[in-house]
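Participant: Make a model of this:
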Amino acid sequence: MANWAINYKYAVAGLSRMIISIPMFSPPLLVAAALIALGFIVYPFSARLGVLGIGAGSVIMGVVVLAELPKGFELQAVVLFGITVVVGAWMMYVAVKNG
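Facilitator: Sure thing, here's the model as predicted:
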């Protein structure tokens, strides 16, 4: 399996270039994508299960990406993927608690 890398040009804090390397075929990311897709497919039949699947996939994706980021992206990652984790957990709570 290839390890895909995305190059980003940077002009902040004297960094000219950062390489982000998150495996595209990482098993946890594939599980997250499958849960999100399954949630969208199931939603018309059962909103509770659909929202639960989308929320669980969002939480997994956010945690995996937060764990794999290199130095220099801490603030942006906490804001973007931290919100993803919080919203995914909230979706799961609403699906289980309120239906």
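
Participant: CA only for contacts and neighbour counts going forward, please
Facilitator: Fine.

Participant: Which residue lies nearest the spatial centre of this structure?
Facilitator: Central residue of the chain (Cα atoms, centre = their mean): Met61, 2.7 Å from the mean position.

Participant: what sits up against the helix or strand where it lies?
Facilitator: Using DSSP states H and E, Met61 maps to helix 47-68. Defining contact as Cα atoms under 8 Å, 6 or more residues apart in numbering, one finds that helix 47-68 is touched by 22, 28-29, 31-44, 77-78, 81-82, 84-92, 95-96, 99.

Participant: Next, the buried residues of the next helix-or-strand element following it.
Facilitator: Under the assignment DSSP H and E, the closest C-terminal helix or strand after helix 47-68 is helix 74-97. By neighbour count on 16 or more other Cα atoms under 10 Å, the buried set for helix 74-97 is 77, 81-82, 84-85, 88-92, 95.

Participant: cool, and stretch 44-54?
Facilitator: Here stretch 44-54 shows 48-54 as buried, counting by 16+ other Cα under 10 Å.

Participant: How far away from the center of its chain is stretch 81-89?
Facilitator: Counting by Cα atoms, centre = their mean, to the nearest Å, stretch 81-89 is centred 8 Å from the centre of its parent chain.

Participant: That one - what's its average pLDDT?
Facilitator: Per-residue pLDDT over stretch 81-89 has a mean of 93.

Participant: The helix holding Met61 to helix 74-97, inter-axis angle?
Facilitator: Computed with axes from the mean of the first three to the mean of the last three Cα atoms, to 10 degrees, the direction of helix 47-68 lies at 160 degrees from that of helix 74-97.
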